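**Student:** Sequence and predicted structure are below.
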Amino acid sequence: MAVSTGAPSSHGGIPAMPFIEDIDTFMEKEGKSAESALQKLHEQYNGYKYMEQRLIMRKMKLKVKIPDIEKTLGVVTRMKQSQEEGDSSLRTHYELSDAVYAAAQVPIVEDQKVFLWLGANVMLEYPLDEAIELLQTNLSNAQKTLEEVKGDIGFLKDQMTTSEVNIARVFNWDVRERKKQKEGAEGK
């Protein structure tokens, strides 16, 4: 058999790179052209590199997004707690800009509502209970997505390593074949 089938066919939409077990059989299938086989393998490898860059950027965005959601959830939960305790106001500090905070006295009313940024310059008003539920859902989804992205990056690194090994095996096969051809030409 030319290609191993032990690896999964895909993971998170990332195609698996099969390991070339029998290089001679693989090269026969490729038409004995090392250049075309190397070109195909390099194209696949470059595709993996591109996917890796996109996943790393996505991971970085999620690592920024999760603490923001947690912070917002903490504030809304604190407001809900103050409301349940019957407090008339909540004293807090809020961020004006990086490292600049201002004190605020937030009145607490029975039907307290908060405004949440949803993204794309959209802000909606929610009752406290709905805001907490939405933020908990968003936090759970972001954490789940982060774990999936980490798994995809790990799978992708394995496929890139397999690609590099396959490229080296095809290159070594080509060197060996050229050496055989040279020895055969000198023997005549």
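**Tutor:** Cool, got the structure. Everything numeric here is computed off the predicted structure, so don't read it as measured data.

**Student:** Do a quick rundown of the strands in the chain.
**Tutor:** 10-11, 14-15, 89-97, 100-107, 113-119, 122-127 (DSSP state E).

**Student:** tell me the mean pLDDT for the last one?
**Tutor:** Yep, that's strand 122-127 we're talking about. Computed over strand 122-127, the mean pLDDT rounds to 94.

**Student:** Now do that strand and strand 113-119, the angle between them.
**Tutor:** 150 degrees (axes from the mean of the first three to the mean of the last three C-alpha atoms, to 10 degrees).

**Student:** Which residues does strand 122-127 contact?
**Tutor:** Asp111, Gln112, Lys113, Val114, Phe115, Leu116, Trp117, Leu118, Leu134 (C-beta atoms under 8 Å, 6 or more residues apart in numbering). C-beta here means a position set from N, CA and C on the backbone, and glycine is covered the same way.

**Student:** and if you look at the fourth one?
**Tutor:** Contacts to strand 100-107, defined as C-beta under 8 Å, 6+ apart, come from residues Met79, Ser88, Ser89, Leu90, Arg91, Thr92, His93, Tyr94, Glu95, Leu96.

**Student:** contacting residues around the fifth one?
**Tutor:** Contact analysis of Arg91 by C-beta under 8 Å, 6+ apart lists Ala103, Ala104, Gln105, Val106.

**Student:** Now Ile153: closest residue in space that isn't a chain neighbour?
**Tutor:** Once flanking residues are discounted, Ile153 sits nearest to Leu55: 5.1 Å by C-beta to C-beta, 6 or more residues apart in numbering.
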